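Undergrad: Pasting the sequence and the predicted coordinates here, then a few questions.
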Amino acid sequence: NAGVMQNPRHLVRRRGQEARLRCSPMKGHSHVYWYRQLPEEGLKFMVYLQKENIIDESGMPKERFSAEFPKEGPSILRIQQVVRGDSAAYFCASSEGIAGGRNTGELFFGEGSRLTVL
Amino acid sequence: GNSVTQMEGPVTLSEEAFLTINCTYTATGYPSLFWYVQYPGEGLQLLLKATKADDKGSNKGFEATYRKETTSFHLEKGSVQVSDSAVYFCALDSGGYQKVTFGTGTKLQVIP
């Protein structure tokens, strides 16, 4: 499957634990986005990354949340000391870079990682 | 900054009814416009797109026309089916290094 792969699909954590969500973009894609979706709500932008760079993290809480997209390997969204309010579906999307490093706009989404905090 | 405004949902229609979901945008320059669809329990997938003014995107019976004069990209379908029940997201990309901007989504429920 050459699509965007997210894992785990489902993750259960107790309050105070850490959650790590992984995203492997489509082959050849160098841009990754992370979004959060609460039940019955829309998509909230969190962070936009290129390989080894954070381009826009304006949607990510300043504390407990971090994201990376290393030169090798998947993008990681890390949530430290999780709280019940972090329970949500986290979607990753990737897009193809074009000349100059800009993105092409069309996003390909993974099936999401559903985090439940007990 | 860029923004996308969609009509509030949920929208409930009977099978074979006509569908319109409104979308208007604010952006600098000449953005590309998209409609994405999210079926229950799944991620989003691209439904259609238009990259310049007056372009019409179409797919699976859905259409949307890029109207620069009214900054709109309304989604339409002449005859909806139960299988069209999903959440529909309007989005724009103004190019460069800015993130793709999504609307809040409109939930469509089609009843037999």
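TA: That came through fine.
Undergrad: Residue numbers of chain A in contact with chain B?
TA: A:4, A:33, A:35, A:41-43, A:45, A:48, A:55-56, A:91, A:93, A:95, A:101-112 (Cβ under 8 Å from any Cβ of the partner chain). Glycine gets a C-beta too; all of them are placed from N, C-alpha and C.
Undergrad: Grab the most central residue of chain A for me.
TA: Central residue of chain A (Cα atoms, centre = their mean): A:Trp34, 3.2 Å from the mean position.
Undergrad: Can you show me the strands along chain B?
TA: Ranges of strands in chain B, per DSSP state E, are B:3-6, B:11-14, B:19-21, B:23-26, B:32-38, B:44-50, B:56-59, B:62-65, B:75-77, B:86-93, B:101-102, B:106-111.
Undergrad: Lowest average pLDDT across the ones you listed?
TA: Among the strands of chain B, strand B:101-102 carries the lowest mean pLDDT, at a mean of 88.
Undergrad: List the neighbouring strands of that strand plus their orientation.
TA: Sheet pairing of strand B:101-102 (DSSP bridges) gives strand B:86-93 (antiparallel).
Undergrad: returning to that earlier point: please indicate which of the residues of chain A next to chain B are buried?
TA: A:4, A:33, A:35, A:42-43, A:45, A:48, A:55, A:91, A:93, A:95, A:102-103, A:105-112 (16 or more other Cβ atoms under 10 Å in any protein chain shown).
Undergrad: and chain B, which residues reach chain A?
TA: Counting by Cβ under 8 Å from any Cβ, the residues of chain B near chain A are B:32, B:34, B:36, B:42-46, B:49, B:89, B:91, B:93, B:95-105.
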